[in-house]
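# Everything below, folded, please.
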Amino acid sequence: MVSILDATLREGEQTPGIYFDVHIKLAIADLLDALGVEIVEAGHPAVTPGIREAVAQIAGRGLRARVGAHARSIDRDVDRALECGVGFLGIFYCVSEDRLLDQAQSLSEAVGQIVRVIARARRLAPGLLIRYTPEDAVRSPFASVVTAAREAVRAGADIISVADTTGFMMPGGERSMYDFVARLRDALGRDGLSPRIAVHCHNDRGLALANALDGVRGGAEIVDASVLGLGERAGIVDLATLLAVLHADFPETETAPRELAVLPELYRLVSRYAGVAIPVNQPVCGQNAFTHCAGVHTQAAVRNPLHYQSLAPEAFGRRSQIALDHMSGLASLRHCLDRIGQQVDEGLAGRILQKVKEVGQTGRVVDETELGFIVDYLRRAGTDG
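As a prediction, the model looks like this:
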């Protein structure tokens, strides 16, 4: 089974220029909960008092989802998070050779710090779900990742997150997330340990979703995502696209039915207050995601949308659309006329199509409202003539 950790309110706010006011964060958290994500990562409370207030309010909202906080592997970060009353705590600490060298620290010293902080968090909050993330795990020595993960689990961590912090991984080769996750599970299993494995994939090479799915195939049970893929640099896995693929292609991984029809409302909300437009060609939630345009496409799609769709839009609160522009033919026009309840003869239909194509050549699409205006105009013009 695969659980979703939504990081819009934490990783998403690491997108340059994005900040959500507390009341907007609460609205986003409510929609994420209605959608059915298992973990809402609400922020890093040690960063600002405003973030701390938002995390505390979301944690006290009575959501079905676990509300989580982010923390460095230091006591004051953990204390700020626990003061918020969260049910999930993500602790991160990098064990790459370069980072340890920068900090003049040996691996054993780093692991000692990780163990002490996790064990203390476990003592302070016995029911807490704790995740340890060896930041930049995939570019760190594998043996170091295993050592840190093993001791973190023994200290009380429930989850180990494989962080592709720089979007470095690539399916099907030596940098496969499938292989990394499978090897990590096997290595920990040989020590009698079976934490849940999470994957956190950045999109620097445009492969975040592919790598996350590779991780799922390798045995990952939690995937981090965000609305619109918001996050550092090129962001992380896009939430709607991930859910669409899991729903359609990995049904055996779903923990419970999700209310996928919530996605368009969630995306509109985040887009508005993040100041980031939803690309028209964005899968699932983009304006054109289920819109057919070219004449040969629309003629087939009118008869059966699945001729040119592999996802059912109704599952996501959407419906198939036919775009009327310079590419349109009579089949698509007739379909749209039926939708607005207009019956016209062949001669008028030809004139309407000609007008639609003229408008389309200006770079504009004729929507159903404008189509009604065109019908009325040409019908009257024909009468007057």
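
# any idea what sits nearest Ala248, other than its immediate chain neighbours?
Leu311 (6.0 Å; CB to CB, 6 or more residues apart in numbering). For every residue, glycine as well, the C-beta is placed using N, CA and C.

# Surely the one you found and Ala244 touch.
Yes - contact between Leu311 and Ala244 holds when scored by CB atoms under 8 Å: they sit 5.9 Å apart.

# between those two, what contacts are shared?
Counting by CB atoms under 8 Å, 6 or more residues apart in numbering, the contacts common to Leu311 and Ala244 are Val284.

# between these two, who's got more neighbours?
The neighbour count for Leu311 versus Ala244, taken as other CB atoms under 10 Å, is higher for Ala244 (21 against 18).

# show me the residues around that one that make contact.
Taking CB under 8 Å, 6+ apart, one finds 260, 283-284, 311, 316 in contact with Ala244.

# what two of those residues are the furthest from one another?
Leu260 and Pro283 (12.6 Å; CB to CB).

# Please enumerate the helices of the stretch 101-250 of the chain.
107-124, 142-155, 177-190, 208-218, 239-249 (DSSP state H, counting those that start in this stretch).

# ranking those by burial, who's on top?
Stretch with highest mean neighbour count among those: helix 208-218 (a mean of 24; mean count of other CB atoms under 10 Å).

# Give me the contacts around that one.
2, 162, 164, 167, 169-171, 176-182, 185, 197, 199, 201-203, 220, 223-225, 229, 234-238, 241-242, 245-246, 250, 253.

# can you rerun that using 7 Å?
With contact meaning CB atoms under 7 Å, 6 or more residues apart in numbering, helix 208-218 is reached by 2, 162, 164, 167, 169, 171, 176-179, 181-182, 199, 201-202, 223, 229, 236-238, 241-242, 245, 250, 253.

# mean confidence score for that helix?
Taken as a whole, helix 208-218 has a mean pLDDT of 97.

# Spit out the contact partners of the nearest residue to Asn203 once chain neighbours are set aside.
Leaving aside its sequence neighbours, Asn203 sits nearest to Ala234 (CB to CB, 6+ apart; 4.3 Å). Contact analysis of Ala234 by CB under 7 Å, 6+ apart lists 167, 202-204.

# and the nearest residue to Asp191 once chain neighbours are set aside, how far is that from Arg131?
In space, and not counting its chain neighbours, Asp191 is closest to Arg150: 5.6 Å by CB to CB, 6+ apart. As judged by CB to CB, to the nearest Å, Arg150 and Arg131 stand 15 Å apart.
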